[in-house]
Every structure is written in C-alpha cells, then in structure tokens.
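# after the sequence you'll find the predicted model.
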Amino acid sequence: MTLAPLELAPHAWMWLAVAALLVGISKTALPGINTISIAIFAAILPAKASTGALLLLLIVGDVFALVSYRREADWRALVRLIPFAAVGLAAGAAFLALADDGWVRRLIGTILLCLIAVNLWQRLRPRRSASTGTPAAAAPLSGLGARAGFGALGGFTTMVANAGGPVMSLYFLAAKLPVKTFLGTAAWFFAVINLVKLPISIGLGLITPASLQLDLLLVPAVVVGAFIGRWIAARIKQRAFEWAVIAGTALGSLYLLLR
C-alpha cells in the first residue's frame, strides 16, 4: 500500500484534518493529546508513511510553540536531557532500520502506563513530613537516573512512533513545572529533536514527495489548532492542565498497547 493523498476518501481527509488540528493544540496547550493524532494517522495511512507525514506537521507545530513560549523554557532541564535523548534517537533509528515495530509499540504503551501509574501514586499517596507529621508533596524527579531514563526513552519513542510527547510530559509533570514553563521547555526539546529526526527520516524513506503533498494540505489545520491551544493555555488552571496531560497520555498509551 502506497501513500496517495489525492485518492483518500472524504471521511479520511476529515479525520486527518482533526488529527492536524490536535497537533496544533498539543504544541501550544495540551501535549498529551498528540498521541490521538498518532492513532488517527496510523489508522488511515501506511505505518511508515504515517510516521513521516506526522513528523512534518509536528515541526510546523513546533514553530508556533516556540513563537508562543520561547522565553519560558527551563534551560537547565533541557541541557541535562538532550544528551540522553540523542542516545535514544540513535537507538530508535537503528531499530527502524532493522526491525518490525508492532511489538515495540506495545512495549512503549506498557512503559507509559507504568509511568502514569507511578505519577498517580506520587500524587495521590499521602506523604508526611518527618518533622511535623503533616502531608508533604512528592519530590520531583531530578536525579541523574530519572533524566537518563526519561531522556533516552523519550528519544527512542519519538524516533520509532512520534510518541515521545507522553514520556516527556510525565517527566515535566513530575518536575512540577508551571504551565508555561512546561510548554516552553517541551517546545524547545521537541523542536531540536524533531529537526534532528528530519534527515534521519528522509534517509529511512519515511518522508516522500507524497507525504509532503499531504502535509501542505493539512498545515492550515495545524495553524488553527495552535491558535486554539494558545487560547486554552491562557485560561487553563495548573491542576486541570496536569490532569489533562495525564488523561491524554493514558489514551495514547492504551492505543499503542492495543493496536
């Protein structure tokens, strides 16, 4: 099966436009929901073609995210994460060149659900201060092991299935970043990672003239989604934002697990 954009049925175009809209919203407001876009693209297009086509739309979304939140990033967190993400990217590229990715999607889904469970456990489990006996918040993930694990897994999952968003969202949530700092840090992280992925994806044959044609038709939906996302981000409360990210991540994880 080959990617032939102009031969797609009207209902397929409708769903792809919804997915592109969600890409824009995910980049400027709710990072977890981009996994819904992954599911839609993979359901309509061939697996490798969907990965390449979605990458180009994610890069368009990155531009709007940077314009909106470029000054909000936690640069210290970025510098510490990028080297580990690069290792994960290399592993993911090697895997794509050598192996089938069906079982790996299920593995990624399992890992993400486990990470969600840990995050929820940290949030809901009452922790008491040793000095006062009163409840205390869980400590953020700031150690080398957490950075290495999340960074490498984020790089690997984004290379294999454009699914690095849920991994890094959980890390940034655990780091207790405010909404705009979260979005700015994620914007810079994925802008760098996706640009590095671009030549790798072209070399692996994931991006073709047909996928470029498809993306040109879907870019307006990404732009509209980005502006909707900015409207949401300006109004959403921190707690609602965090639970929305967790819910979007859970939905994407279940898709990857059950596909």
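Sure thing, it's come through.

# going forward, measure contacts and count neighbours with C-alpha atoms only.
Noted.

# quick check on the nearest residue to residue 48 once chain neighbours are set aside: phi, psi?
Distances taken as Cα to Cα, 6 or more residues apart in numbering place residue 206 nearest to residue 48, at 5.6 Å, with adjacent residues excluded. Main-chain torsions, residue 206, degrees, to the nearest 10: phi -80, psi -20.

# residue 206 against residue 54, yeah?
No - counting by Cα atoms under 8 Å, residue 206 does not reach residue 54; the two are 10.1 Å apart.

# which one's more surrounded, these two?
residue 54 (25 against 19; other Cα atoms under 10 Å).

# all the helices of this structure, residue numbers only.
Along the chain, counting by DSSP state H, helices occupy 10-28, 34-44, 47-69, 75-98, 102-124, 144-161, 164-174, 179-203, 209-233, 238-258.

# pull out the buried positions in the second one.
Within helix 34-44, the residues that qualify as buried are 34, 35, 36, 37, 38, 39, 40, 41, 42, 44, counting by 16 or more other Cα atoms under 10 Å.

# ok, the nearest residue to the fourth one once chain neighbours are set aside - contacts?
Looking back up the chat, that one is residue 37. Nearest residue to residue 37, sequence neighbours excluded (Cα to Cα, 6+ apart): residue 19, at 4.4 Å. Shown in contact with residue 19 (Cα atoms under 8 Å, 6 or more residues apart in numbering): 36, 37, 38, 40, 41.

# over to residue 232?
So residue 232 contacts residue 29 (Cα under 8 Å, 6+ apart).

# now with 10 Å?
25, 28, 29, 30, 226, 241 (Cα atoms under 10 Å, 6 or more residues apart in numbering).

# with distance to residue 232 as added columns, please give these in CSV.
CSV is the format used below for the contacts of residue 232 (distance: Cα to Cα, whole Å):
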residue, distance to residue 232
25, 9
28, 8
29, 6
30, 9
226, 10
241, 10
